[in-house]
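# Prediction below, plus the sequence it came from.
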Amino acid sequence: MRLLPVAMVVAASALFGGCASNEPEVIMLQAPQQLPKLTATGYAPLKEQPARSHAQKVLMAMQASKIAAYRELAEQVYGQQVSANTTVDDWLVKDEQIRTSVKGIIRGAKVVKTYPVDDFYVTELELDFEQVWRLYQQSAQQQQMRQVQYF
């Protein structure tokens with residue numbers, strides 16, 4: 001898998017991240033040479049949805065599969081935090097807990113396809129960084145320069 005260009009990572013960080021820190025903001029003036037497209041697929045079981053009618057189960061599975069696909073996109077853009085605990089007693093593993101989390105904002109993704117497959121509903125998303133770049137440029141034009149710092 002090819003890594004995103006450094007400039008695109010900076011653009012994504014500025015677009016997706018908040019302005020809560022005191023770190024200097026970087027506003028890009030020129031688009032990177034290559035802008036990747038990320039894809040993600042989310043799945044949700046139809047039968048497991050907590051609804052009475054089949055139509056409601058389908059709608060709930062469609063929404064759940066879309067949320068799962070957004071989570072996968074966020075994992076690709078931001079990474080996934082993993083924490084684990086293992087308890088060992090008398091040289092035997094007694095308990096093992098693994099937790100993962102993802103946090104981020106995805107803007108500009110579009111639903112490519114959504115369809116049923118057997119007892120699942122599937123949603124395919126695409127995040128075109130060319131579109132992300134355009135969104136970033138629109139929001140960057142509205143910002144005012146607060147401070148210039150030279151390195």
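Arrived safely, thanks for sending. Numbers count the residues shown, from 1 in each chain.
# Mind naming the longest helix for this structure?
The single longest helix within the chain, with elements called by DSSP state H, is helix 54-78.
# what's the following helix or strand after that helix?
Counting by DSSP states H and E, the next helix or strand C-terminal to helix 54-78 is strand 81-89.
# Just give the number of residues close to the closest residue to residue 83 other than its chain neighbours.
Once flanking residues are discounted, residue 83 sits nearest to residue 99: 5.1 Å by Cβ to Cβ, 6 or more residues apart in numbering. Yep, even glycine has a C-beta here, placed from its N, CA and C like the rest. The burial count assigned to residue 99 is 9, neighbours taken as other Cβ atoms under 10 Å.
# Residue 99 - that's part of a helix, no?
No. Under DSSP: H, G, I helix; E, B strand; the rest coil, residue 99 falls outside any helix and is assigned strand.
# What residues sit buried inside the longest helix of the chain?
Residues of helix 54-78 classed as buried under the neighbour-count rule (16 or more other Cβ atoms under 10 Å) are 57, 60-62, 64-66, 68-74, 76-78.
# Give the full set of residues in contact with residue 57.
Taking Cβ atoms under 8 Å, 6 or more residues apart in numbering as the criterion, residue 57 is in contact with 46, 47, 49, 51.
# Return the distance of the longest helix of the chain from the chain's centre.
Here the centre of mass of C-alpha atoms in helix 54-78, compared against the chain's by Cα atoms, centre = their mean, to the nearest Å, lies 12 Å away.
# what's the distance between the spatially closest residue to residue 62 that is not a sequence neighbour and residue 55?
In space, residue 62 comes closest to residue 121 once its chain neighbours are excluded; the distance is 5.3 Å by Cβ to Cβ, 6+ apart. Using Cβ to Cβ, to the nearest Å, one obtains 13 Å as the distance from residue 121 to residue 55.
# picking that back up, next, give phi and psi for the residue nearest to residue 62.
Dihedral pair for residue 121: phi -110, psi 140, per degrees, to the nearest 10.
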